[in-house]
Structures are given as C-alpha cells and as structure tokens.
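S.K.: Structural data only, the sequence is not supplied:
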C-alpha cells in the first residue's frame, strides 16, 4: 500500500493527482485533513514514477507503507502526532496528561466535588461515564443525557475539559456537542460504523479509542485508521488491559505494548490502569510503569467514596490515593523527560515511591504456635 500526501491542497491539484494515481494503480481512499490531502492507493511493484509537474518541491510526498493500517502507521508521519484538547492542552508532547474522575456520573454535587478535587491534585481532563454499557442488562446503565449535562456542568465548575463515551453512530453529534473528547469503549473498539461516523464529524473532535478485549495491535491500529480515514487526525490510543489468566486482576496490562506501539504508530498512547487492575491497591504501580514505558498519559478512576460508587467502586482510587499517585508521578517524570501538572503542597511523608503498591503488606500473626 502507498500513501501520497499533498500539502496546501487545491482541488484542481488533487484531481490531477487522482488521475495520475488511477493511471498507475487503484485509489483506495481520499482523506482530507487540515492543510493536507492524503491518497491511499495500491500500484504495481517497482513503481517509481515521479508525480506530474508542476508541483513545488516538498508539496508532494509518496510513502510506501507495508502494513494493513496506513494512516496510523509510524511510516506515515515524520513526527509523533499531538492531539489538542480545547486548543490549550496537548496530548503527545512533553506533558504526561492525567485524565481522572468517576467511572459513572452520579449526583450533580458529587461529580462537581470530584472534578474540583482532581483538578486541584493535577488532573488535566475530567472523565465520567454517562452511558454505561454493562455485561448484564440489569446493571446500572448510566444517567445518559442527564449524565452528560451533569458532567458538562462539573467541567465548567472545575475548568476541566471532559471525556465521555459514545455508543452508536446516531449519538455522535449529540455527545460531541457536549464533551471535549469522545471515548470509544472496549465493547465498541471494532464498531466500524461508529468509528466512521466519528471520523466524518466536521468538528474533528479528539477521540480516545480503547483497545477491545482480544484485539491484536494490528487490528487496533486498523480501527484507528477508520477514524483517520474519515478526516479526523485527533486520535489517541488507550490500552485498558486484555484477557489474561490471572484471578487476582481484572485484566492483563501488557506493558510491552507501549514501546511496541511507539514503534508502530505516531499516535499518542494513553493507559487505563483502573480497568486493567480492577483493584485500587496495584493501580499506582501500574500507572508509574506506564509512564516509564513511554505512555503519553493516564485514564484513572477516582471517587470521593468508592464504597458508594454505582459502578466499579473496587477499582476507584480515593482522593487521598490519587493525590499520592500524582506526587509520585511528578517525582518520576523528569527522569523520563516528562512533566506532570500540579504542585506538591506537601511533600511525601514516606519514601518517594512508598505508596505505589510495591511494598509487601504486613504479615499477619499466625494463630498456630511453633516450638
């Protein structure tokens, strides 16, 4: 597969290039992005013909991409992509961006309270589920549009942009008009009509694409290409763990996938340690490992009273634990040439990484006596 990129595109130039490609092979997709037109095409092996004149040097680039995903491929872009959120925040740069909040939007007062708290502790984006697809049809399914309104209100009160999930193509416009980042959940990671609808949205909203359970990395990047091929370049990949054999965690977070993806794609990588762990005690160590492995940010579940959470309470960090995690990330980030938002008003009371879940729990006294 080949990729032809034309910068500063004019329609007459694009048409001439399309005619030129059709004479040499088969056009698979034309993609119009801001300041650039990309043409994905196949042609005969050994193709080396230059593009037709008169194109100034540097305006046309032809790349051979040897993967089933083309636009997401590392070979398709010289620099790593940066995804702007509300214009001021950028994911994929030097900042390690933390997105935090409750799994599901609950009362208006509670989501505002959590939003203000995570903002104070260094979170840059507020997460919250308004639509909650669940394994059981009888489980709490979210507050839906009312949940989106409450999430938006909390975002305005805290000054944070918000990310929330969209479930179906017909919902894209309604959700995109109320949130700053569209999340595609694990269950919809291969819902191609939904991915295409998001890609075609004229506002090109930032997208957080979660990897589906059992989805290989090639398949994951092909799913990203469905969005990119619609003309939306603002895609972030999210690793949330995959099916494993451990009975002690909810899923298996393969940290090797982070450096592998950095070699395979130019897209930013976000890690969701909450869904991977399913338990709050090991989330801090997994979050720190994601930073070291090369991720660009985190998606973390935080609740002021996890025991009262309507969804996934056992994997939600308390506000105190989230504050400790952020302090440790800020201590670790400079070694990785990264920055983490926020300011430590109080230094850690113990060793720099003592609360990352790396310490063994205290031994319980045995009820049996030995001689």
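M.R.: Nice, thanks for sending it over. As the structure is a computational prediction, the values presented were derived from the model and not from experiment.

S.K.: where do the strands sit along the stretch 251-371 of the chain?
M.R.: Ranges of strands within the stretch 251-371 of the chain are 269-271, 297-301, based on DSSP state E, counting those that start in this stretch.

S.K.: List of residues touching the first one?
M.R.: Translated: strand 269-271. Residues outside strand 269-271 that contact it (C-beta atoms under 8 Å, 6 or more residues apart in numbering): 91, 97, 99, 208, 236-240, 253, 258, 261-262, 286-287, 290, 294-299. Every residue, glycine included, has its C-beta placed from N, CA and C.

S.K.: before we move on, the earlier item: of the strands of the stretch 251-371 of the chain, which is nearest residue 144?
M.R.: Set against residue 144 and scored by C-beta to C-beta, the strands of the stretch 251-371 of the chain come closest in strand 297-301, at 19.5 Å.

S.K.: sorry, back to before: give me the buried entries from the contacts of strand 269-271.
M.R.: The neighbour-count test (16 or more other C-beta atoms under 10 Å) marks 91, 97, 99, 208, 236-240, 253, 258, 261-262, 286-287, 290, 294-299 as buried among the contacts of strand 269-271.

S.K.: Mean pLDDT and distance to residue 324 added to the strands of the stretch 251-371 of the chain, as CSV?
M.R.: CSV is the format used below for these (pLDDT from 0 to 100; distance: least, C-beta to C-beta, whole Å):
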stretch, mean pLDDT, distance to residue 324
strand 269-271, 98, 18
strand 297-301, 98, 12
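
S.K.: Indicate which one of the ones you listed is closest to residue 222.
M.R.: Closest among the strands of the stretch 251-371 of the chain, using C-beta to C-beta: strand 269-271, at 16.3 Å.

S.K.: So what's the gap between that closest one and the chain middle?
M.R.: Averaging C-alpha coordinates over strand 269-271 and over its chain gives two centres that are 5 Å apart (C-alpha atoms, centre = their mean, to the nearest Å).

S.K.: ok, now stretch 240-254?
M.R.: 19 Å.

S.K.: what does stretch 201-220 give?
M.R.: Averaging C-alpha positions (C-alpha atoms, centre = their mean) puts stretch 201-220 8 Å from its chain's average.

S.K.: If you count neighbours, what's buried in that stretch?
M.R.: Buried, per 16+ other C-beta under 10 Å, within stretch 201-220: 201, 204-212, 215, 217, 220.

S.K.: what does stretch 67-85 give?
M.R.: Here stretch 67-85 shows 67, 69-74, 76-77, 81, 83, 85 as buried, counting by 16+ other C-beta under 10 Å.

S.K.: Okay, now the unreliable bits of the stretch 251-371 of the chain?
M.R.: Applying pLDDT under 70 to the stretch 251-371 of the chain flags the ranges 345-371.

S.K.: Tell me which stretches of it form helices.
M.R.: 257-264, 273-277, 283-293, 319-332 (DSSP state H, counting those that start in this stretch).

S.K.: got CSV for these, with distance to residue 158 too?
M.R.: Formatted as CSV, the helices of the stretch 251-371 of the chain follow (distance: least, C-beta to C-beta, whole Å):
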stretch, distance to residue 158
helix 257-264, 29
helix 273-277, 20
helix 283-293, 21
helix 319-332, 13
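
S.K.: just to revisit the earlier point, compare the strands of the stretch 251-371 of the chain and give me the one nearest residue 39.
M.R.: Of the strands of the stretch 251-371 of the chain, the one closest to residue 39 (C-beta to C-beta) turns out to be strand 269-271, at 27.2 Å.

S.K.: The stretch 101-250 of the chain: helices as residue ranges?
M.R.: 108-121, 144-158, 172-176, 192-200, 217-228.

S.K.: Next, format the strands of the stretch 251-371 of the chain as JSON lines and append distance to residue 165.
M.R.: JSON lines is the format used below for those (distance: least, C-beta to C-beta, whole Å):
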{"stretch": "strand 269-271", "distance to residue 165": "14"}
{"stretch": "strand 297-301", "distance to residue 165": "11"}
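
S.K.: Looking at those strands, which is nearest to residue 178?
M.R.: With C-beta to C-beta as the yardstick, what comes closest out of these is strand 297-301 (18.8 Å).

S.K.: Partner strands of the closest one, with direction?
M.R.: Here strand 297-301 has these sheet partners by DSSP bridges: strand 97-101 (parallel), strand 269-271 (parallel).
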